[in-house]
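**Q** My questions are about this predicted structure, shown below with the sequence.
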Amino acid sequence: MTIAQGINKLTSYKTQTGLGVPAIGAGGQTLRRKTSIASKKRATYLNDEINSYQQSYGVNLGTASTSWAFDGLLSPLTYEAMFSMLLRKAFVTGSVSSSASLTIAGAGPFTLTRATGSWLTDGFKLNDVFQISTGSFVNPVNLTNNFLITGITALVLTYIVVNGTVCIAEGPIATSTTTVIGKKCFAANTSQTDTLFTIEEWYPEIAQSEVFPDMRMGQIDIGLPASGNATIKIAAQGLGVRTSGTAQALTTPTAATTTNVLTAVRGVLTVNGNQVVTVTGVTITVKATLTAEGPIVGSNFSPDMARGLIEVSGQFTGLFDTAVLKTLFDNETVTSLCAVMAADTTNSANFVAVGCSAIKLTGSDPDDGVKGIVRTYPFTASINLAGGPALNSDQTIFTIQDSQAV
């Protein structure tokens with residue numbers, strides 16, 4: 001007897017043109033994964049009348065619902081569409097500045113100073129990862145190296161080097177190009193999109209297809225262990241429809257990406273604009289609560305679902321070395337958080353960077369034992385209303401930058 005095997009299953013998705021229009025046929029994208037579980041459930045109504053038999057009459061089935069739970073390892077490009085759906089905005093190309101007379105100085109953090117123009121007007125923001133891509137710099141480390149912005153004014157970028165190499169003081173250098181790498185997406189504050197997508201689970205050895213249309217993105221969890229792979233968990237909800245067939249519904253999905261899995265150990269974490277080197281783990285949750293509308297009389301399916309506010313929360317743990325972080329909690333200080341996860345230790349490694357420019361720490365509990373003391377710092381983010389065009393931050397609650405987004 002042939003049975004379905006997880007190693008052979010293909011999980012693919014495709015965006016829909018509208019509600020109630022399953023995205024089947026040519027196209028779509030296959031996902032690499034650890035696990036992918038798409039399922040259908042039905043409400044149950046117990047028939048609990050008292051009767052002479054003194055036995056239950058069983059249950060009736062009611063409104064259907066569908067869900068998708070995905071578990072994977074974080075890599076560039078792979079989850080671009082998922083973040084775009086959740087944040088209700090498309091990824092956009094990073095800012096570029098063609099500047100004359102650039103000067104590098106400092107011993108880390110470093111500064112990049114321009115003689116004319118404005119980094120703010122050109123669209124550069126805190127927590128952006130950028131490179132100096134052209135210019136007659138003598139020292140190769142100053143060119144095509146990933147730099148994370150930790151401070152910004154019109155003329156000066158303050159930055160740290162993602163892979164820890166040391167920049168060499170140099171300049172002024174004429175006719176240089178400075179580029180925010182890849183593409184960025186942040187939770188939209190106007191013109192929000194509402195994207196639905198179809199999930200297919202294809203079991204080739206038994207020729208069985210399960211299609212789940214009208215799915216909406218509900219939550220993404222990012223996990224950054226101090227030692228280990230960066231992880232991603234995705235949760236989506238649908239309106240209860242599942243169709244089955246004996247042929248693959250997404251007939252020509254694009255093959256799964258092959259980009260490198262990211263690790264936190266090859267990246268950098270900043271809190272309040274300062275690099276933190278004692279962190280032992282980070283988790284970030286971005287969610288938008290989805291609530292089915294209905295049920296309605298005469299139908300087993302809800303007609304649509306309500307979308308909630310985009311919320312961001314998480315926590316990080318760190319060895320207790322100073323009072324800086326717990327003081328941020330004590331004083332209710334609005335601060336920032338940014339994590340850059342790189343694919344390797346080269347200067348221009350591919351990466352994913354995530355950040356919140358307005359968070360409050362909501363705790364600072366320590367642990368105990370015959371070991372170094374670790375404190376846990378939960379946090380909740382808010383929209384940064386002080387951000388916006390020509391300002392030092394984006395006006396948003398959460399930003400993601402992907403070096404290979406297309």
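**A** Okay, I see it. Residues are numbered from 1 along each chain as shown.

**Q** Do a quick rundown of the strands in the stretch 51-200 of the chain.
**A** Per DSSP state E, counting those that start in this stretch, the stretch 51-200 of the chain carries strands over the ranges 59-73, 92-93, 96-99, 102-106, 110-114, 129-134, 147-152, 156-161, 170-173, 176-180, 183-186, 197-203.

**Q** What of the stretch 201-350 of the chain?
**A** Using DSSP E, counting those that start in this stretch, strands in the stretch 201-350 of the chain cover 208-225, 231-238, 243-245, 263-271, 274-275, 279-293, 304-319, 334-342.

**Q** Could you export those strands as a markdown table, including mean neighbour count?
**A** Backbone N, C-alpha and C define where each C-beta goes, glycine included. As requested, those are arranged in a markdown table below (neighbours: other CB atoms under 10 Å):
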| stretch | mean neighbour count |
| --- | --- |
| strand 208-225 | 21 |
| strand 231-238 | 21 |
| strand 243-245 | 12 |
| strand 263-271 | 21 |
| strand 274-275 | 15 |
| strand 279-293 | 18 |
| strand 304-319 | 17 |
| strand 334-342 | 24 |
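
**Q** could I get the ones you listed as JSON lines with mean pLDDT and distance to Val161?
**A** What follows is the strands of the stretch 201-350 of the chain, written out as JSON lines (pLDDT from 0 to 100; distance: least, CB to CB, whole Å):
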{"stretch": "strand 208-225", "mean pLDDT": "97", "distance to Val161": "19"}
{"stretch": "strand 231-238", "mean pLDDT": "98", "distance to Val161": "25"}
{"stretch": "strand 243-245", "mean pLDDT": "97", "distance to Val161": "51"}
{"stretch": "strand 263-271", "mean pLDDT": "89", "distance to Val161": "8"}
{"stretch": "strand 274-275", "mean pLDDT": "92", "distance to Val161": "10"}
{"stretch": "strand 279-293", "mean pLDDT": "93", "distance to Val161": "18"}
{"stretch": "strand 304-319", "mean pLDDT": "95", "distance to Val161": "21"}
{"stretch": "strand 334-342", "mean pLDDT": "96", "distance to Val161": "11"}
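
**Q** between the strands of the stretch 51-200 of the chain, which one is nearest to Ala306?
**A** Closest approach to Ala306 among the strands of the stretch 51-200 of the chain (CB to CB): strand 59-73, 13.9 Å.

**Q** what lines up beside the closest one in the sheet?
**A** Neighbouring strands of strand 59-73 in its sheet, by DSSP bridges, are strand 35-46 (antiparallel), strand 231-238 (antiparallel).

**Q** Average pLDDT for that strand, rounded please.
**A** On average, the pLDDT along strand 59-73 is 95.

**Q** Can you check what angle separates it from strand 279-293?
**A** For strand 59-73 against strand 279-293, the angle by axes from the mean of the first three to the mean of the last three CA atoms, to 10 degrees is 150 degrees.

**Q** What residues of stretch 84-92 count as buried?
**A** Across stretch 84-92, burial judged by 16 or more other CB atoms under 10 Å covers Ser84, Met85, Leu86, Leu87, Arg88, Lys89, Phe91.
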